[in-house]
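Let me see the structure of the following:
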Amino acid sequence: MILVQSGLKRDFIVSLLDEKTIKGVTFQLSRREGMNMYFTHTGDGEEAAKIAKETIKKSEFGPALFFRVTHE
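Okay, the predicted model is just below:
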């Protein structure tokens with residue numbers, strides 16, 4: 001499971017990752033708690049966190065967002 005933390009644009013981040021397969025890793029939103037978004041994924045946790053972070057950074061709002069991606 002990976003955790004994405006962001007104070008802004010949470011719906012945008014969910015739309016980028018939820019039910020999407022990116023570089024062979026499929027993400028599924030598990031739950032939301034405040035500014036925390038938990039995603040289950042296929043494959044390795046470190047790789048999934050890296051791909052999620054890259055995807056958010058390369059998005060329309062990514063360069064301006066303060067966010068954190070970790071894996072559990």
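
what about the lengthiest strand in the chain, distance to the chain center?
Longest strand in the chain by number of residues (criterion: DSSP state E): strand 25-33. On the basis of CA atoms, centre = their mean, to the nearest Å, strand 25-33 sits 8 Å off its chain's mean C-alpha point.

Same question for the helix or strand that that strand is followed by: list its buried residues.
Moving toward the C-terminus from strand 25-33, the next helix or strand (DSSP states H and E) is strand 36-41. The neighbour-count check on strand 36-41 (16 or more other CB atoms under 10 Å) flags 37, 39, 41 as buried. Where C-beta positions appear, they are placed from N, C-alpha and C, glycine not excepted.

and strand 36-41, what other elements does it pack with?
Judged by 3 or more CB pairs under 8 Å, 6 or more residues apart in numbering; DSSP states H and E, strand 36-41 is in contact with strand 2-6, helix 10-17, strand 25-33, helix 45-57.

And for it, what's in contact with it?
Identification of contacts with strand 36-41 by CB atoms under 8 Å, 6 or more residues apart in numbering yields 1-6, 10, 13-14, 17-18, 25-32, 48, 52.

Which of those are buried, as a PyMOL select command?
Restricted to buried positions by 16+ other CB under 10 Å, the PyMOL selection for the contacts of strand 36-41 reads:
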select buried, resi 2+3+4+6+10+13+14+17+25+27+29+48+52
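
what's near enough to touch the nearest residue to E47 once chain neighbours are set aside?
Once flanking residues are discounted, E47 sits nearest to V25: 6.6 Å by CB to CB, 6 or more residues apart in numbering. By CB under 8 Å, 6+ apart, V25 lies in contact with 41-43, 47-48, 51.
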